[in-house]
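# Turn this into a structure:
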Amino acid sequence: MNKYVAKEGDKLEMVCFKFYGSIETKIYSEFLRGNERLLHKFYLSGGDVVNLPKIEIPAKKERYLWE
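Next comes the predicted model:
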């Protein structure tokens, strides 16, 4: 499992989006399960270690205006 060392003021949803490109419910909930000890913090402190679990990201289906 990879790790990310937070900077002062980072937020979990920002870290998730930065590394996984999404905060879609399935991805974000798996990310949060790997970081339960940080759930009580609104802003992360500098030096907090955030786990980056291996998450299967589904391929995005292109959508067209006429669908």
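# hey, let's count contacts and neighbours off CA atoms from now on
Fine.
# hang on, isn't Ser22 packed against Cys16?
Yes - under the criterion of CA atoms under 8 Å, Ser22 makes contact with Cys16 at 6.9 Å.
# what residues are shared contacts of the two?
Tyr28 (CA atoms under 8 Å, 6 or more residues apart in numbering).
# So for those two, which sits in the more crowded spot?
More neighbours surround Cys16 than the other of Ser22 and Cys16, with 19 against 16 (other CA atoms under 10 Å).
# OK, contacts around that one?
22-23, 28, 31.
# Ok, Leu39 next?
Counted by CA under 8 Å, 6+ apart, Leu39 has contacts Leu32.
# Determine which residue lies closest to the centroid of the protein.
Cys16 (1.7 Å; CA atoms, centre = their mean).
# Just the pLDDT for that one.
For Cys16, the model assigns a pLDDT of 97.
# Tell me the secondary structure at it.
Per DSSP: H, G, I helix; E, B strand; the rest coil, the local secondary structure of Cys16 is helix.
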